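In: Predicted model and sequence below, questions to follow.
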Amino acid sequence: MFVVLASQWDEQAAALVRDWSGARLLTPDDLSLPGWVFCSSRPQKAIIVAGGEPLPVAEISGVFTRLPQVMPHELIRIVPADRAYVAAEMHAFLLAWLTSLQCPVVNCPSPQCLAGPAWGRERWVYEAAMLDIPVVEVARASAGSPSSLMPGEVVTVVGQTILGTPNEQLRANAARLATGAKVTVLAASFQDGALLSASPWIDIADATIVEALASHFSVVENGL
């Protein structure tokens, strides 16, 4: 059983769960339902609620996270005055739960983001430059808005699979950046061979990327 952690309004995540055999959607709304059991000293004995139904953690083969953080507007079961506080508590709980899992988690959470590093373009460019990957320098106007950028060539990393380009140098640089950032999935945008930007948010509307993600979980689960 695979779990996709996402917003209840994430249509791509919902479509992925519908099409992905053995998958369940876990949203912040599920955290308001009874049935959860979690003890930090015995995380494998935990029980979660996904799609309104209980699921023993021991039956979970992998988790794909599409949720950066719990937002107050997601918590429709909580009175409005309490939503900000409850959202912060739920974020902290999900961080603890995700980091306790022994199954593959894509991407592993950071304190600021449940789906990987919460980096802006400047940080991604900096990290790439530290790895000697050519970059497009970041320029900001005095008002703080970014300069206009032309769309780049997107290279997607899914575990050991690299998609989006036959260019071996771009493939290698995208893989190195993913390794350096300690993420399993990454969308890296290149312009004339230099990194323009990057993001842990891959396009799961692309069937090829979804197939690669499913294959990654299968390979890790079987230890191949």
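Out: Perfect, I can see it now. Residues are numbered from 1 along each chain as shown.
In: in the chain, which helix or strand is least confident?
Out: Least confident element among the helices and strands of the chain, by mean pLDDT, DSSP states H and E: helix 207-222 (a mean of 86).
In: tell me which residues in that one are buried?
Out: Residues 209-210, 212-214, 216-217, 220 are the ones in helix 207-222 that count as buried (16 or more other CB atoms under 10 Å). Every residue, glycine included, has its C-beta placed from N, CA and C.
In: so can I have CSV of those residues showing distance to residue 127?
Out: Conversion of the buried residues of helix 207-222 to CSV gives the following (distance: CB to CB, whole Å):
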residue, distance to residue 127
209, 22
210, 27
212, 23
213, 23
214, 28
216, 22
217, 26
220, 24
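In: Select the longest helix from this structure.
Out: In the chain, taking DSSP state H as the definition, the longest helix is helix 83-100.
In: contacts for the very next helix or strand once past that helix?
Out: Per DSSP states H and E, the first helix or strand lying C-terminal to helix 83-100 is strand 105-106. With CB atoms under 8 Å, 6 or more residues apart in numbering as the test, strand 105-106 has contacts from 62-65, 98, 184-185, 213, 216-217.
In: so what are the domain limits for this protein?
Out: By the record's domain assignment, the chain is partitioned as 2-106, 121-222 (automatic domain parsing).
In: Which among those is found nearest to residue 112?
Out: With CB to CB as the criterion, residue 112 lies closest to domain 2-106 of the domains of the chain, at 7.8 Å.
In: tell me the average confidence for the closest one?
Out: Mean per-residue pLDDT for domain 2-106: 94.
In: Then stretch 192-200?
Out: Stretch 192-200 carries an average pLDDT of 95.
In: Buried residues, that stretch. List them.
Out: Neighbour counts using 16+ other CB under 10 Å place 194-200 of stretch 192-200 among the buried residues.
In: These into JSON lines, with extra columns for distance to residue 161?
Out: Converted to JSON lines, the buried residues of stretch 192-200 look like this (distance: CB to CB, whole Å):
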{"residue": "194", "distance to residue 161": "23"}
{"residue": "195", "distance to residue 161": "19"}
{"residue": "196", "distance to residue 161": "21"}
{"residue": "197", "distance to residue 161": "21"}
{"residue": "198", "distance to residue 161": "17"}
{"residue": "199", "distance to residue 161": "17"}
{"residue": "200", "distance to residue 161": "16"}
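In: closest to residue 1 among these?
Out: So of the buried residues of stretch 192-200, ranked by how close each gets to residue 1 (CB to CB), first place is residue 200, at 23.2 Å.
In: Is residue 16 in a helix, a strand, or coil?
Out: For residue 16, the secondary-structure state derived from DSSP: H, G, I helix; E, B strand; the rest coil is helix.
In: That one touches residue 24, doesn't it?
Out: No: here residue 16 lies out of contact with residue 24, judged by CB atoms under 8 Å, at a distance of 11.0 Å.
In: quick one: contacts for the residue lying closest to residue 161 once chain neighbours are set aside?
Out: Once flanking residues are discounted, residue 161 sits nearest to residue 212: 4.3 Å by CB to CB, 6 or more residues apart in numbering. Residues in contact with residue 212 (CB under 8 Å, 6+ apart) are 156, 158-159, 161, 163.
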